[in-house]
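# A predicted structure for the sequence below; I have some questions about it.
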Amino acid sequence: MSKNLPLDLCRDVMVTEAIKAGMDYIFFLDSDTHPLDRDMILKLVAMDVDIASGLYFAKKEGPKYPAAWQKIGEGRWSPIKADNKGIVSVDAVGMGCCLIKIEVFKKLAPPWYYWTHSRINPKTGVFFEEKEAMSEDFHFCNKARAAGYEIFVNMDLKCKHEGSFYVDCEGKLELVEV
């Protein structure tokens, strides 16, 4: 557990420590993600894939969709269908409930995670353009896919994704990040 660091740096520190400790896997479980299966980690390990995620839904306003995506063009992503069954190959997952073999990180150059939303691009000295901006989990997944790694989500291993809502003056639910 790491505190007082940006999320991408926190994930990189944890990976570095896991490598130093000789671990075989790293399991990311965000504080707002709650597995419904007590054997979540064992079942993800049993999948015997390089990158495996449990199923949880993205906390965004509007229709709810799994935190797992397919790339549909340059800088364009589409969430997978919620009615998929079993183990599904995807191009990106959120890191909220994700098991990754350490060998993946050993073959990729750090930083493994890099958040570019609202950050200055060190190459240009200006904020990243909208088409370049991405979250740390998409950055990692892009890097892993480019190196030939496959990413899977197990639709049967479900999690709750904690959030809070307000009801606005028109009776609509408004998501509030926790």
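Arrived safely.
# Where do the strands of the protein begin and end?
Secondary structure of the chain (DSSP state E): strands at 25-29, 33-35, 51-55, 68-73, 76-79, 87-90, 92-93, 97-101, 151-161, 164-167, 173-176.
# mind checking which of those is nearest F127?
Nearest of these to F127, taken as Cβ to Cβ: strand 76-79 at 20.5 Å. For every residue, glycine as well, the C-beta is placed using N, CA and C.
# buried stuff in the closest one?
P79 (16 or more other Cβ atoms under 10 Å).
# For that strand, give me every contacting residue.
58, 65-72, 91-92, 138 (Cβ atoms under 8 Å, 6 or more residues apart in numbering).
# re the thing from before, let's have the strands of the chain in CSV, adding mean pLDDT.
Below are those laid out as CSV (pLDDT from 0 to 100):
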stretch, mean pLDDT
strand 25-29, 97
strand 33-35, 95
strand 51-55, 98
strand 68-73, 92
strand 76-79, 90
strand 87-90, 98
strand 92-93, 98
strand 97-101, 98
strand 151-161, 96
strand 164-167, 70
strand 173-176, 68
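# so what's the residue nearest to I41 when sequence neighbours are not counted bridging to?
In space, and not counting its chain neighbours, I41 is closest to F27: 5.7 Å by Cβ to Cβ, 6 or more residues apart in numbering. Per DSSP bridges, the residues bridged to F27 are L99.
# For the biggest helix by length in the chain, what is the distance to the chain centroid?
Longest helix in the chain, counting residues (DSSP state H): helix 7-20. Distance of helix 7-20 from the chain centroid (Cα atoms, centre = their mean, to the nearest Å) equals 14 Å.
# ok, now stretch 71-83?
Put simply, stretch 71-83 sits 14 Å off its chain's centre (Cα atoms, centre = their mean).
# end to end, how far does that stretch reach?
19 Å (Cα to Cα, to the nearest Å).
# cool, stretch 25-36 as well?
End-to-end distance (Cα to Cα), stretch 25-36: 21 Å.
# Would you mark the buried spots in it?
Residues 26-30, 33-35 are the ones in stretch 25-36 that count as buried (16+ other Cβ under 10 Å).
# Pull the residues that contact it.
Applying Cβ under 8 Å, 6+ apart, the contact partners of stretch 25-36 are 11, 14-15, 18, 41, 44-45, 54, 56, 59, 95-102, 105, 157-163, 178.
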